[in-house]
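> Predicted model, plus sequence, below.
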Amino acid sequence: MSRKYFGTDGVRGRVGETPITPDFVMRLGYAAGRVLTGLDSQLAKGEHPSVLIGKDTRISGYMLESALQAGLAAAGVDVLLTGPMPTPAVAYLTRALRAQAGIVISASHNPYEDNGIKFFSAQGAKLPDEVELAIEAALDTPMQVMESARLGKARRINDAAGRYIEFCKSTFPNAMDLRGMRIVLDCAHGATYHVAPPVFHELGAEIIVIGNQPDGLNINHECGSTHPEALCKAVLEHQADLGIAFDGDGDRVLMVDNKGQLLDGDQLLYIIAMHRQQRDRLDGGVVGTLMTNLALEHALAKAAIPFARAKVGDRYVLEMLVENNWQIGGENSGHILCLDKHSSGDGIISALQVLHALRASGETLAELGARLVLYPQVLINVKVEKRLDLENNVVLQDAVRTAEAELNGSGRVLLRASGTEPKIRVMVEGSVRSQVQSLAESLADTVRKAAA
């Protein structure tokens, strides 16, 4: 079955347009409450299931939180509210508080005009396709409000931030600290603004923080992992050892070395993998995605580390990790999973794994990052008004084959539809940047004409 509302990362869209409207989100809360909690069996035993709700800092979160809360309460589900909290914090707190499910109100790296609803199971994992389909099916049934005595209640978890801060610190070795390091943090005016600084400060680092003044409208605006230029500049200005950039909901991370050079998710994943292999702590291989740079695949092969590509999206990386019984994987966007540390991608925890490698090796981020030289890769996002059947479009497939023939085995070409935005992503990588740039622009023009 095809999904009507769920994309690769929950339900997402422009606020005020279906499905991100108060009435739809209330119905979504009601449907999710029934599906995720095994509601009927629990109510039959006189028990109220509970669902945890967190959100990022965008202004529409207030409205959508109230709508979700109303739908869940109408279904007889108790609600636990954390306020602004990173997505991975909600995954952790769902497990820690033994909630039946977790919900995050966030559009991650998107601008404030967008928002979304993401779900976690009781185990703190993204929902499998069949559960999302069950929620969509439940949306087609009318809401039936419980009798007053069986309605859900809501309470706020006042120590949510402190719980999560301690959890993040617990993933860093007890015998190690960050004393003597000067680190710039860019919190993207998002959900990490009040939790990331204490984590790194309490581990001993000197912290300079930017992007920590959210006003509901400035999330991800010219800051954070989607706009790392501000962090690169700040690292050089403060003569810092490195910089760390999160996205709006805190599940992605990019880093900047002391020279102001940006390291993406592929480079960070390589540092983590090599550090673990050197200490005989790499259990299995590494999972990347279709967008992972070919240089990472080649470097891991040279180190005799197995590598596999999943579809784009952290949920698919997670599924492949579980299937292979491996621990680490990620995307070049900075979404990294370390399943021995957390059940979901976590920007703070991923950064701590890189810092562990730095401390253990005695080397700088620039030195470790230089060991993986990425192939030139050009990504062009083409906005489209209508859905394109990429696999069966003869013109597009001919253009891809022509580009691949020109690369002659020294690169890759990928066209894919975004799971969160009305865009076609055109990616070309190879050994010669000018060739890669030219092929990507030509393919992007072909996509624009096909979508016209």
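Perfect, I can see it now.
> Show me the strands in the stretch 351-452 of the chain, by range?
Remark: strands assigned in the stretch 351-452 of the chain by DSSP state E, counting those that start in this stretch are 377-383, 412-417, 423-429.
> Quick one: closest of those to N115.
With CB to CB as the criterion, N115 lies closest to strand 423-429 of the strands of the stretch 351-452 of the chain, at 17.7 Å. Every residue, glycine included, has its C-beta placed from N, CA and C.
> between that closest one and strand 412-417, how big is the angle?
Counting by axes from the mean of the first three to the mean of the last three CA atoms, to 10 degrees, strand 423-429 lies at 170 degrees to strand 412-417.
> Would you mind getting the angle between strand 423-429 and strand 377-383?
Using the same axes, to 10 degrees: strand 423-429 against strand 377-383 is 160 degrees.
> What pairs with strand 423-429, parallel or antiparallel?
Applying DSSP bridges, strand 423-429 is found paired with strand 377-383 (antiparallel), strand 412-417 (antiparallel).
> and V287, which of those strands is closest to it?
strand 412-417 (16.9 Å).
> what comes into contact with that closest one?
With contact meaning CB atoms under 8 Å, 6 or more residues apart in numbering, strand 412-417 is reached by 290-291, 294, 312, 387-388, 390, 396, 400, 403-404, 407, 423-430, 439, 443, 447.
> So for T420, what pLDDT did the model give?
Looking at T420, its pLDDT is 69.
> right, I mislabeled it, should have said A310
96.
> what do you get for D40?
55.
> now G46
58.
> swap in the one 10 residues further on?
Per-residue confidence (pLDDT) for D56: 98.
> right, and S121 touches R95 too?
No: with contact defined as CB atoms under 8 Å, S121 does not count as touching R95 (9.4 Å).
> which one of the strands paired with strand 423-429 has the most crowded surroundings?
Mean neighbour count, computed with mean count of other CB atoms under 10 Å, is highest for strand 412-417 among these, reaching a mean of 20.
> Let me see the residues that make contact with the top helix by length along the chain.
Ranked by number of residues, the top helix in the chain under DSSP state H is helix 433-451. Residues from elsewhere that reach helix 433-451 (CB under 8 Å, 6+ apart): 376-380, 382, 384-386, 388, 393, 395-396, 399-400, 403, 406-407, 411, 413, 415, 424, 426-430.
> Give me the buried stretch members for that helix, please.
Q435, V436, L439, A440, L443, A444, T446, V447, A450, A451 (16 or more other CB atoms under 10 Å).
> would you turn the residues you listed into CSV with distance to K259 and pLDDT?
Shown next, in CSV, are the buried residues of helix 433-451 (distance: CB to CB, whole Å; pLDDT from 0 to 100):
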residue, distance to K259, pLDDT
Q435, 27, 95
V436, 24, 96
L439, 30, 97
A440, 27, 97
L443, 33, 96
A444, 31, 96
T446, 38, 95
V447, 36, 94
A450, 42, 90
A451, 40, 87
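> Taking the residues you listed together, which two end up most distant?
Q435 and A451 (24.8 Å).
> which stretches of the stretch 1-150 of the chain form strands?
So, for the stretch 1-150 of the chain - with DSSP E, counting those that start in this stretch - the strands run 6-7, 10-14, 50-55, 78-84, 101-105, 114-121.
> between the fourth one and strand 101-105, what angle do the directions make?
Direction vectors for strand 78-84 and strand 101-105, defined by the same axes, to 10 degrees, enclose an angle of 40 degrees.
> Same question for the third one.
Going by the same axes, to 10 degrees, strand 50-55 is angled at 20 degrees with respect to strand 101-105.
> contacting residues around strand 50-55?
32-33, 36-37, 61, 64-65, 68-69, 72, 77-87, 89-90, 93-94, 97-106, 157, 160, 191.
> Any quick ChimeraX command for the buried ones out of those?
Selection of buried members from these for ChimeraX, criterion 16+ other CB under 10 Å:
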select :32,33,36,37,61,64,65,68,69,72,77,78,79,80,81,82,83,84,85,86,87,89,90,93,94,99,100,101,102,103,104,105,106,157,160,191
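> those helices in the stretch 301-450 of the chain, which residues are they?
Along the stretch 301-450 of the chain, counting by DSSP state H, counting those that start in this stretch, helices occupy 314-324, 347-361, 365-369, 394-407, 433-451.
> re earlier: tabulate the strands of the stretch 351-452 of the chain in TSV, adding columns for mean pLDDT and distance to Y112.
Below are the strands of the stretch 351-452 of the chain laid out as TSV (pLDDT from 0 to 100; distance: least, CB to CB, whole Å):
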stretch	mean pLDDT	distance to Y112
strand 377-383	93	19
strand 412-417	92	24
strand 423-429	94	18
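> L133 contacts K4, doesn't it?
No: between L133 and K4 there is no contact under CB under 8 Å: 9.5 Å.
> and the two? which has more neighbours close in?
L133 (17 against 12; other CB atoms under 10 Å).
> how close does that one sit to P197?
According to CB to CB, to the nearest Å, L133 stands 40 Å off from P197.
> What of D129?
From D129 to P197 the distance is 37 Å (CB to CB).
> is it fair to say V287 lies in a helix?
No: using DSSP: H, G, I helix; E, B strand; the rest coil, the assignment for V287 is strand, not a helix.
> mind listing what it touches?
By CB under 8 Å, 6+ apart, the contact list for V287 reads F307, A308, R309, A310, V317, M320, L321, N324, W326, I328, G329, G330.
> switch to 6 Å and redo it
Going by CB atoms under 6 Å, 6 or more residues apart in numbering, V287 touches A308, A310, V317, M320, L321, G329.
> So which of the residues you listed wins on neighbours?
Of those, with other CB under 10 Å as the count, G329 tops at 31 neighbours.
> Bridging across strands, which residues link to that residue?
Beta bridges link G329 to V287, L337 when assigned by DSSP bridges.
> I'd say it and V317 touch.
Yes: applying CB atoms under 6 Å, one finds G329 in contact with V317, separated by 4.4 Å.
> shared neighbours, these two?
What both G329 and V317 touch, as defined by CB under 6 Å, 6+ apart, is the set V287, L337.
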